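A.B. asks: my questions concern the predicted model and sequence given below.
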Amino acid sequence: MDFAPTTLIKNLKESQLGSIVTIGGWLRTRRDSKGGFSFLEINDGSQFKGIQVVADQELGNYDELTKTYTGASLKVEGELVPSPGQGQPFEIKATSVEILGNTDQSYVLQKGRVSLEKLREVAHLRGRTNVIGATMRVRNQLSKATHDFFTGNDFLYLHTPIITSSDCEGAGQMFQVSTLDLENPPKNDLGGIDYSQDFFGRKTHLSVSGQLNAEAYACGMGRIYTFGPTFRAENSNTSRHLAEFWMVEPEAAFFTLNENTQLAAAYLRYCFKHLLDTCQDDIDFFNLRVDKGLRARLEGLVDAEYKCITYTEAVDLLLKAGKKFEFPVLWGSDLQSEHERYLCEEVFNGPVTVIDYPKEIKAFYMKLNDDGKTVRAMDVLCPHIGEIIGGAEREDRLDVLESRMAQHDLDPADYAWFLDLRRYGSVPHAGFGLGFERLVQFCTGMGNIRDVIPFPRTPKNASF
């Protein structure tokens, strides 16, 4: 942008050597020399590495500059010159340094390592650190890869509603949305809350998934995908759960389970390759400081074959493992993370797609197989993390869907529009969901999901 007041550090190039440049950023370190000059390391967040600025006593505000602390914001103008130091191709010889905002010694991000737990308490500042800055750049590039992949494969980007009256998962763990007076809500004739007087005239919640709405548009526009926030009121304080998170959910008409599994594998391969191509310094940092096997794992998954087995075959393999798992392996029980990782890491040494799960442990909208026991569901499992994608071919037969809803005690009246999709021009269709933060976790090696989203929302925590 030729109208930007400064040049991003990542956009400085050797071809600019000898020219005057202007940058803005935050002071990471300052070293003062007895010779009357200082070395300033400045980072603007555009890339992992900052840039060194050499400021000397010829500057009119040099004395003031020697009183700046880590975290001070500076605007620097100067000549881009070759750097005599190792690890940096050039530096800036300052002709002016404007102090926009100083800090003091109470600033929490002083030089030295601050724990991730402590950084969560100052989430408004943690974007200035190496680890969170790198995480957010990875998150940004995975977002870009998501949009590039799906739009490049003729999927329409669809914005599905955040407020809904439908429970996609049927689990009931939803945040309620209401404008009623909570201390004195209106009552109906039965003594319950009269939701007809609420803003929407009925009970509504924050959405746990955009899938049902996505199906509606896939069954009229062919291929669509959603990528937006979702909410689950699951009172779980673990390193794997958030109350507010982002979901990637493609949905495609005329796709069966087979095409769905291929789409999921292609999407993951695209993301991993894009990340390795665009975030090399950040991946190197994570590989060195967070997870020493990260780069090799991502590189191995770019061209990896995704083995496909049925749930029944997976259970048989686990029962024959000769290994004592924390959670017993039983046909009819959901696979746990330890089971999923064993299949990937010990049996197949790579990613695995498990299909055809028991109907009792999967959602009502998944297509029933001819055996009457299993549904055309799929979970994509990756080494080190386990399940990363869950999806299915959808039930497109009206009578079967109605029967499945009855088994889940769902009121057909609440899903009348969803059933209409099977009444009028029903079509085979399939899709999947990927928890975006789980993908970011996997691609960074970060141990806690709270550290891969800018401002985590968890039980008893909605700060910032």
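C.D. replies: Good, I have the coordinates.

A.B. asks: and for Q280, the neighbour number?
C.D. replies: Other residues near Q280 come to 12 when the count uses other C-beta atoms under 10 Å. Where C-beta positions appear, they are placed from N, C-alpha and C, glycine not excepted.

A.B. asks: what sits against it?
C.D. replies: With contacts defined as C-beta atoms under 8 Å, 6 or more residues apart in numbering, Q280 has no neighbours.

A.B. asks: what about it, distance to I42?
C.D. replies: To I42, Q280 is 21 Å away according to C-beta to C-beta, to the nearest Å.

A.B. asks: do the same with N237
C.D. replies: As judged by C-beta to C-beta, N237 and I42 stand 38 Å apart.

A.B. asks: of these two, give the one with the bigger neighbour count.
C.D. replies: It is I42, of N237 and I42, that has more neighbours when counted by other C-beta under 10 Å, with 24 against 9.

A.B. asks: was I right about that one contacting T29?
C.D. replies: No. Judged on C-beta atoms under 8 Å, I42 makes no contact with T29 at a distance of 9.3 Å.

A.B. asks: distance of D198 relative to N448?
C.D. replies: When C-beta to C-beta is applied, the distance between D198 and N448 equals 37 Å.

A.B. asks: flag the shaky bits of the stretch 201-350 of the chain, pLDDT-wise.
C.D. replies: Within the stretch 201-350 of the chain, no stretch falls below the threshold (pLDDT under 70).

A.B. asks: what segments of it are helices?
C.D. replies: Listed in chain order, the helices found in the stretch 201-350 of the chain under DSSP state H, counting those that start in this stretch are 211-221, 257-278, 280-289, 294-302, 311-319, 337-342.

A.B. asks: JSON lines for those helices, including distance to P358?
C.D. replies: Listed next are those as JSON lines, based on distance: least, C-beta to C-beta, whole Å:
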{"stretch": "helix 211-221", "distance to P358": "20"}
{"stretch": "helix 257-278", "distance to P358": "15"}
{"stretch": "helix 280-289", "distance to P358": "37"}
{"stretch": "helix 294-302", "distance to P358": "28"}
{"stretch": "helix 311-319", "distance to P358": "7"}
{"stretch": "helix 337-342", "distance to P358": "14"}
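
A.B. asks: nearest to L59, of those?
C.D. replies: Across the helices of the stretch 201-350 of the chain, L59 has its closest neighbour in helix 280-289 (30.3 Å, C-beta to C-beta).

A.B. asks: next up, the contacts around the spatially closest residue to T204 that is not a sequence neighbour.
C.D. replies: Counting by C-beta to C-beta, 6 or more residues apart in numbering, T204 lies nearest to V177, which is 4.7 Å off, once chain neighbours are set aside. Going by C-beta under 8 Å, 6+ apart, V177 touches I163, F199, F200, T204, H205, L206.

A.B. asks: among the residues you listed, which ones are buried?
C.D. replies: When neighbours are counted using 16 or more other C-beta atoms under 10 Å, these contain these buried positions: T204, H205, L206.

A.B. asks: looking at those residues, which are in strands?
C.D. replies: Within the buried ones among the contacts of V177, residues falling in strands by DSSP state E are T204, H205, L206.

A.B. asks: and the last one, how close does it get to F254?
C.D. replies: With the distance defined as C-beta to C-beta, L206 ends up 31 Å from F254.

A.B. asks: quick one: closest of the helices of the stretch 201-350 of the chain to G350.
C.D. replies: Proximity of the helices of the stretch 201-350 of the chain to G350 was assessed by C-beta to C-beta; the nearest stretch is helix 294-302, lying at 7.4 Å.

A.B. asks: what packs against that closest one?
C.D. replies: Applying 3 or more C-beta pairs under 8 Å, 6 or more residues apart in numbering; DSSP states H and E, one finds that helix 294-302 makes contact with helix 257-278, helix 280-289, helix 436-444.

A.B. asks: just want the angle from the shortest one to helix 257-278.
C.D. replies: Taking axes from the mean of the first three to the mean of the last three C-alpha atoms, to 10 degrees, one finds helix 436-444 and helix 257-278 inclined to each other by 50 degrees.

A.B. asks: angle of helix 436-444 against helix 280-289?
C.D. replies: With the same axes, to 10 degrees defining the directions, helix 436-444 sits at 70 degrees from helix 280-289.

A.B. asks: touching helix 436-444 from outside, list them.
C.D. replies: The contact list for helix 436-444, computed with C-beta under 8 Å, 6+ apart, reads 134-135, 138-139, 142-143, 146, 227, 240, 242, 245-248, 271-272, 275, 286, 290-291, 294, 298, 382, 384-385, 388, 446, 449, 452-453.

A.B. asks: now do it: distance to the chain's middle.
C.D. replies: A distance of 6 Å separates the centroid of the chain from that of helix 436-444, by C-alpha atoms, centre = their mean, to the nearest Å.

A.B. asks: what residues sit buried inside that helix?
C.D. replies: Those buried within helix 436-444 under the rule 16+ other C-beta under 10 Å are F436, E437, R438, L439, V440, Q441, F442, C443, T444.
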